[in-house]
Structure formats: structure tokens, C-alpha cells
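# any chance you can model this:
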Amino acid sequence: MDQLPVLNNPVNGVPAKAKDRVFDREGKLPKTYYKEQLFELEAKGEIEIHRITDEQDPVQVETKFGRMKTIPRAKTWHHKSCGQCGHIPGYSTSIFWLQRQFGYDYHDPRDQSSCTAWNYYASATSNPAAQAAVALRNFAQAKDDGYFPLIHCGTSYGHYKEVREELIHHPELRDQVKRVMDRLKMPMVFPEEVVHYSEWVHVMRHEIAARKTLDLSDINITVHPACHYHKLVVEDAIYDEEMYEGQRTAIVSALTTALGANLRDYSTFHDCCGFGFRHILVSRDFSRSFATLRKIERMKEEADPDVVLTHDTGCVTTLDKSQFATQAHGCNVGIPVMADSQFAALAMGAHPYKVCQLHWHGVDMKPLMEKMGIDHETAWAEFEEDAKRVESGEIDFLSWEDC
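Presented below is the predicted three-dimensional model:
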């Protein structure tokens, strides 16, 4: 592999601070690239590549090492997140609401399976062939439905990129997965890009900003980037010279500045949220402590944000739900946490309870909404009226027309 981009050399052994560094792409890029390798496998008849076409209204953006990544804006197949649907339902509904506001055709599949990455990252109870077969089954279904996959969960996104790497380099794994897919009577399909929903939000940020209904100039924001987005298969993450001088992924941060809010930095930007998979199962107090002591308290002391924005199921859950325990012990916490999609939807006038479902969150959102100019009392009264309609049997559920 030829020389990769490097940071400026340290002075007297001390690395330069981010604001003083320049991201130089020196030398040549890596000789191999996953898209080229996928297309080689397709040429050999081993796999089908689900391509992004003009029908998807694609946009190209720059990744960490200068490669161009194609992001579809239309005709997207929404690979939902088990954690979002179970813990933060307003996360997914905000994504769908944004798609609907821009008039994009999308598909919300009922036959999608979990990515089962919990098995892979947390419990080690599965195996590579089973993991890869789950990925290809979902991707084959998306291709059959005629929509391109958009992954809601950062865990699924990172896991599927690792599956891609394994399939490319291990022919015996491809043989095992093919036997599974043959029994399912489904083809071996992999998309040309693994695309995270926050990348869709990123490429739509200026359109979102053009339709915002709130003045966010007094809103101070810190961003937590999901580890499974920018630390796994790092060359696939989106970077921008205009964001942190190209030192950090541009995802979420670029949305913040596009919306006119104040992006504030803090020292533990690169730290995990505390979720960490296995230890949240076997030592949850460690997760809660890490989330609040290493992330929330640092943000509070160094940046004093009104809200934390992130872009992954586990990150929103851990940073938000962990604060109740440490707050009971008098720690310096109490910052609202939400997904970029929820904040973007709020900025465009989405209902805070019917669409963004902020009542599912652990930290009180009311002071934030008041500062954003949202009448949460009226909004809650409207939500309660609709809840009564469901309770009485007048309607079975809220429809998009109700929202």
C-alpha cells in the first residue's frame, strides 16, 4: 500500500492541536478499493452488485482519503434499527418524515430482519457465515423491491462494512453463504455502497436549512460521532476540509453549522459514548459512568451545550438514558440528547411529540424546546388528544396525515 494521508509532524514530540493541523493527502491512495473488488467478483459471476442509478438522485461526497462516495437521495429501502424502534421511535419516524417532506419515494420494508450484529459484537454466539447471510438476505430483498438500502443503525452500518471485507477476501465464506442463499432461493447481492442514513441527512443539509422554520442561532450544540460510523473501515466515512480542517468526520457537525446553530468543541470528541456492546450487557454501571463522566460532564464543563446530537441508536440511548443515574448522585449532567434526524425535523417544523417523540427520552427536553421557540405545552395537548382517540378506539394508530 502506498503512503496514506498523514497529519502534520509533531513539534518537539507534541502533536499539533486539531485547529493547527492540516489534513494533507500525500502520495498515492491505496491500490485496492472495495468497490473495484466487488465489481471484480461480479465479473466472475460470484455476486450481484446493486448499483445506484440516476433514479436514486445520487450525490457524490468525499471520504477520508479522497475517494468519492455515492449517496442516493431517492428510492431508498430503509433498513430499520431494532434499538430505534424499541427505545427511540422518534428517531426512525423523523427520518421518514424528512423523506416525505422532500417528496422522495422510499420503502419501509416489513420483511427486513435484524442485522444480528449484537451476536457479532457483544456475545459471540453466531458465526461469519450466518452473519454474512443475514446481510445478503436483506440486500437481496432490497434489490428485489427496487429500492437502494439506507441503513438506520450505526451498528448495522459498521457490521455490514466488515461483512463486505470478509466476503471480498474469503472465498470459502462466499461458498458457505451461497449455499444458504440458494436454500432461500435468493441471489448473492451486495450494494455498491453501504450508506448510513446520516450520510443522506448530510447531503440534504442545505435543503433542510433552506426549509427551517426556527431561528437556531442561540442554540449551542456538541456532537458525538458514532464509533461504528467513523472508526470501522475508516476510509468509508465522510470528511470535509471545512469541518475541523478535515481532522474529523463531517457527519452531523456539518448539519449543525448549515442550520445556523453554534457547534462547540470538547476534549473527548473521539471517545466512545460508553455503549461498547459487551460491557453494556455485563457491566452496565461502567457504561453509565463512562457516558456521563467521559462525555456528558466534559461537554457540560467545556462547552455547556443546549443539546447533544449524534447519529446512532446505541449512542443516543446510552448518552440520554445514562444521565438519570448520575443525576441522582448530583453529577454535572442534564443535557438533552437526540439524533441529527430529530433535530433536523424539529428545525423544519415537525411535531415534537407526534413525529420526533421526544417524550421517550430520559432528559427533560422542555428547556431546549423553549429556547428553540417550540410551544411544547400546546404540542403536548395535541398529542394527548390523539392518544385519547387511540384509547377510545376511534383510530388504531396515528397516520402521517394525523402528524
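# once you drop chain neighbours, what's closest to residue 275?
Excluding its sequence neighbours, the residue lying closest to residue 275 (CB to CB, 6 or more residues apart in numbering) is residue 314, at 3.9 Å. The C-beta positions use only the backbone N, C-alpha and C, and glycine is treated the same way.
# other SSEs contacting the helix or strand where that neighbour lies?
Assigned by DSSP states H and E, residue 314 belongs to helix 313-321. Applying 3 or more CB pairs under 8 Å, 6 or more residues apart in numbering; DSSP states H and E, we find helix 313-321 packed against helix 82-87, helix 154-169, strand 307-310, strand 337-339.
# most packed of those?
For the helices and strands packed on helix 313-321, the largest average neighbour count (mean count of other CB atoms under 10 Å) is found in strand 337-339, namely a mean of 28.
# what does it rub up against?
Here strand 337-339 makes contact (CB atoms under 8 Å, 6 or more residues apart in numbering) with 88, 91, 94, 307-311, 316, 319-320, 356, 358, 361, 363, 365.
# tell me the one among these nearest to residue 165.
residue 311 (22.0 Å; CB to CB).
# list the contacts for that closest one?
154, 196-198, 201, 225-226, 229, 251-252, 339-341.
# same question, residue 230
237, 248, 249, 251.
# list the buried residues for the helix holding residue 314?
313, 314, 315, 316, 317, 318, 319, 320, 321 (16 or more other CB atoms under 10 Å).
# tell me the mean pLDDT over it?
Summarised as a single mean, pLDDT over helix 313-321 is 90.
# show me where the stretch 101-250 of the chain has strands.
Secondary structure of the stretch 101-250 of the chain, counting by DSSP state E, counting those that start in this stretch: strands at 106-107, 148-151, 189-191, 220-223.
# returning to what we had before: let me have the contacts of residue 230 in CSV, extended by pLDDT.
As requested, the contacts of residue 230 are arranged in CSV below (pLDDT from 0 to 100):
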residue, pLDDT
237, 94
248, 92
249, 95
251, 97
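# the domain parsing of this structure - what is it?
The chain breaks down into these domains under automatic domain parsing: 34-197, 214-382.
# closest to residue 206 out of the ones you listed?
domain 214-382 (5.8 Å).
# any stretches of the chain with poor pLDDT?
Flagging of the chain using pLDDT under 70 yields the residue ranges 1-32, 83-84, 123-125, 277, 280.
# center of it - which residue?
In the chain, the residue lying closest to the centroid (CA atoms, centre = their mean) is residue 311, at 3.7 Å.
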